[in-house]
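Q: sequence first, predicted coordinates after that:
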Amino acid sequence: MVSTLTIGAVLTLIAWVGLQATVVHGRYVVDKIAAGEYDKGPLERGDTGDSS
Amino acid sequence: MSDDGGLPGHSHDEELARDLSVFDITMIGIGAMIGAGIFVLTGLAAGQAGPGLVMAFAFNGFITIFTGMVYAELGSAIPEAGGGYLWVREALGRSQAFLAGWMSWFAHAVAGSLYVLGFGAFVHLLLTDYFGIQLFRPVDLLFITFGPEKLFAVFAGALFAYINYRGAKETGLAGNIVTMVKVTVIVVLIAFGFGYIAGNPAQSTDRFTPFLPRDFGGVFIAMGLTFIAFEGYEIIVQSGEEVVNPKKAVPKAVFYSMSVVVTIYMLVAIVLIGAVAVTPELFSLAQEGAASGAHGATNLPPIPAGISDAAVWEILGHLGELGLARAAGQIMPYGTLVILVAGVFSTLSALNATTYSSTRVSFAMGRDHVLPDAFSAVHPEKKTPHIATALSGALIVFMAVALPIEAVAAATDVMFLLLFLQVNYAAIVIRREWGDQIDYGYVMPFFPYVPIIGILTKLALAVYLFNYSPLAWYGAIAWILVGVGIFFLYSRGRVRETKAKEETRLIAEERSPEERGYQVLVPIANPNNAEQLIRAGSAIARHEGGEVLLTSVATVPDQTPLSEGGQYADEQRQLLDEAVQYAPDDVPVHQTVTIGHDIAKSINNVAYQRDSDLVLLGWRGQRKRVSDYALGSNIDTVVENAECDVAVLKTDGTTDSSRVLVPTAGGPNSELSEMVATAYAESGAQVTLFHVATDGDIENAQSFLERRQTVLAESDIDVDIAVEAGEDIAEAVLGYARDGDFDSMIIGAAGEGILRRVLFGEVPERIGAEFEGEVLMVRKHRPVQSAVKRLLGKWIGKGAKATNIGDS
């Protein structure tokens, strides 16, 4: 039988890792957009290489 | 959505110096989050969640990052001071922005109340425990208990209102020092705590069981209670105008600060539970706290009778806002003193910030004319918004005195949670409406699921807090209801005035020398029906002893500012000059040329600004069966949104109405149609009131019309009456009109639903389309019904763009 403490610790860890993963992904997206290499979401139509 | 300076090219007049780096604003965010909240709320939250406090912080960080992504996206795209309030105003319109501002004012002010209460508790403990100064015992005043803590709270609230009135804002240096001191104190506390845990692993682990003594419900309450400590991204985006390269810096700072702060919070929770033992001293202090009820012992289990049965989280809960400070005494040398001193500085710096921000929100609302102008009054000497400051200070002090600390904390959280609901919704609207025009520095993945999850999780937390403090919810609801009352009684009209000025500009006007009270507004777009419209409008104005206002609207593209629109108006001037020749001599006729981005909105704005009583529109007589519109896009929009009576005239090309049929069934619209018919009769027309008895009760219908006939006869208006039995009203009316050689018909709108898109009703519209002669359809303005319908359309329908037919 898995204890509540173990389940709680695992859930806590998952939430924390999820947060950190979002942070890492966020940084990645910001850098890609700044480099003009991101074309998802609302950028997929406008990002055609034309900077105007 | 404002037409000028809309979101994609949002502009403002004043530029701030851009000298903050990613590191700087990350520190600002961390400083805001590792602030007073952790000093004041940790003990309260531990009492709810138990050792699950660690999980509560982790979960809070996880769900907060959904709104964090929203702030990162919008903050990177529109990095301006104003943050959430600005986005809600731009995306959802001024009515929702009023609510956002109203809640934001309360949220920041009540956050200030939380900090003054924390400050009061810390100072009181410092004085009694470390300086041996005993103050007065708490006294009961009506329904509140007023102790020394509240006295210090009142003092701090009043002091910082005065400091803000004097204009002495916290300097950047002082702010950074306070942030560094409090972060250092917390980091040292964590280091000592982990030192203890490393030395006593078995003991520490035991303190984490049971992990969820109050199940997940306690965790959820702790999450809601400490939510305020996670909203630093609002502060980060407020700094956007002062950041070098905000498109990169703002989203990165939002993410980095969240990552650091949530980790620190979790570590503090681990230390607080794992490194603290229930000593006799802590036990007796908790018993005293529970007995006095001084530390927000809401929703807590009673303290166990024996010290051996007491868990540390129970003790911390009963120590409330002093939980962290008391526990720190065990974790590190002089821990209580250090935490108290750091807590005093933290609460004061947070109080300064919340006094400033609540003042700024109410000041901005005064400047937007949604609160009385006094809110935006600036003191001539101090150059500060003294009235907004005084009222914000009064609100902070009042809430601190009136509510216990845990209710203040919960009320703050509820308000911020509700505010973030709107921001998440605004993010969806902004991406959908202007996503392809905005220059984003970050875009959230899985749109729109991220803001939807943000909305759902925050709503769930806010609702769940009712279990903890119903009083907080009652306070929040009362505040929102007061806001709604102020909005409808005061702000709505001022919002309307502001919008009308923004959307429509008067560029030429010729006034008749004489002015009268009742006004018929006649928009002229087609020279072919100008004569008929002016004839009908003049007849009504004459009957009411009023005047006619002719207007013609020149439209310019959305991209063109209205100030540049004068050159487009020559055609309209000419149109009105030609139309005015049809005006009779006995009715004053004014003419205005207006310019706007949208014809229908401009007509309604002119009617509003000139206080017109009736708008008379021309109609080609063709119903729109395939589109969303009933009679036409402009007519539909004017009729649906008009703030006065409306009439729509289908002409047959003739300029005379000699035989007029008035189908009537009673009610306000029929009364209006009878008034117009009376005006026609005074101009020489022969009028017949007509009723179709669908129930076959001819006698009843006859007596109804006879009563109407008698009323009109008292005003020297002779009308005929006629009744027919029939099931199809439109068919019966058309048949009677054709057989009787009527050349005109005046018909009131049929009953309308709140949700259905009905302009005049099926019967009038069908008659209008099928009758060969002239048809005038009239609709009485019903303010309450119209307001409900507009609100439903705006809030449930398509946001602020619901009535923007120009974009459809």
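A: Arrived safely.

Q: quick one: residue B:729 and residue B:691 touch, right?
A: No - assessed by Cβ atoms under 8 Å, residue B:729 is found out of contact with residue B:691, at 9.5 Å. All C-beta atoms are positioned from the backbone trio N, CA, C, and that covers glycine.

Q: quick check on residue 35: phi, psi?
A: I went with chain A, as the question did not name one. phi -80, psi 0 (degrees, to the nearest 10).

Q: what helices and strands are in contact with the helix or strand hosting residue B:53?
A: Per DSSP states H and E: residue B:53 is located in helix B:53-77. The elements that helix B:53-77 packs onto, with contact taken as 3 or more Cβ pairs under 8 Å, 6 or more residues apart in numbering or on different chains; DSSP states H and E, are helix A:4-34, helix B:36-49, helix B:83-92, helix B:215-225, helix B:232-238, helix B:246-274, helix B:405-434, helix B:449-468.

Q: rank those helices by pLDDT, which is bottom?
A: Among the helices and strands packed on helix B:53-77, helix B:232-238 carries the lowest mean pLDDT, a mean of 79.

Q: sorry, back to before: out of the helices and strands packed on helix B:53-77, the one nearest residue B:481 is which?
A: Ranking the helices and strands packed on helix B:53-77 by distance to residue B:481, with Cβ to Cβ as the measure, places helix B:405-434 first at 13.3 Å.

Q: so what's the gap between the closest one and the chain middle?
A: The chain centroid and the centroid of helix B:405-434 are separated by 11 Å under Cα atoms, centre = their mean, to the nearest Å.

Q: which residues of chain A lie near chain B?
A: Residues of chain A lying close to chain B by Cβ under 8 Å from any Cβ of the partner chain are A:3-5, A:7-9, A:11-13, A:15-16, A:18-20, A:22-23, A:25-27, A:29-31, A:33-34, A:38, A:40-43, A:45-46.

Q: what are the phi and psi values at residue B:589?
A: Dihedral angles of residue B:589 (phi, psi; degrees, to the nearest 10) stand at phi -130, psi 120.

Q: so what pairs up with it in the strands?
A: Counting by DSSP bridges, residue B:589 forms beta bridges with residue B:548.

Q: I'd assumed residue B:548 was in contact with it.
A: Yes - the pair residue B:589 / residue B:548 is scored as a contact, 4.6 Å apart, by Cβ under 8 Å.

Q: who has more neighbours out of the two?
A: Remark: of residue B:589 and residue B:548, residue B:548 carries more neighbours, 31 against 25, as counted by other Cβ atoms under 10 Å in any protein chain shown.

Q: thought the more buried one was touching residue B:523?
A: No - if you go by Cβ under 8 Å, residue B:548 and residue B:523 don't touch, sitting 11.5 Å apart.

Q: out of the residues of chain A next to chain B, which end up buried?
A: Among those, those buried by neighbour count (16 or more other Cβ atoms under 10 Å in any protein chain shown) are A:4-5, A:8, A:11-12, A:15-16, A:18-20, A:22-23, A:26-27, A:29-30, A:33, A:38, A:41-43.

Q: quick one: contacts for residue 26?
A: No chain specified, so I'll use chain A. Residues counted as contacts of residue A:26 (Cβ atoms under 8 Å, 6 or more residues apart in numbering or on different chains) are B:69, B:72, B:251, B:252, B:254, B:255, B:442.

Q: try chain B instead
A: Residue B:26 neighbours (Cβ under 8 Å, 6+ apart): B:236, B:252, B:253, B:256, B:257, B:260.

Q: I'd like those as CSV, with neighbour count appended.
A: Compiled in CSV, these are given as follows (neighbours: other Cβ atoms under 10 Å in any protein chain shown):
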residue, neighbour count
B:236, 31
B:252, 25
B:253, 32
B:256, 21
B:257, 27
B:260, 18
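
Q: residues near residue B:167, how many?
A: Residues near residue B:167, counting by other Cβ under 10 Å, number 14.

Q: let me know the pLDDT of the residue lying closest to it once chain neighbours are set aside.
A: Using Cβ to Cβ, 6 or more residues apart in numbering or on different chains and skipping the chain neighbours, the partner closest in space to residue B:167 is residue B:384 (4.6 Å). Looking at residue B:384, its pLDDT reads 80.

Q: ok, now residue B:338?
A: You'll see residue B:338 listed with a pLDDT of 92.

Q: list the contacts for the residue of the stretch 301-450 of chain B found nearest chain A?
A: The nearest approach of the stretch 301-450 of chain B to chain A comes at residue B:435, 3.5 Å away (Cβ to the nearest Cβ). Shown in contact with residue B:435 (Cβ under 8 Å, 6+ apart): A:41, A:42.

Q: do the same with residue B:531
A: Residue B:531 sits next to B:579, B:582, B:655 when contact means Cβ under 8 Å, 6+ apart.
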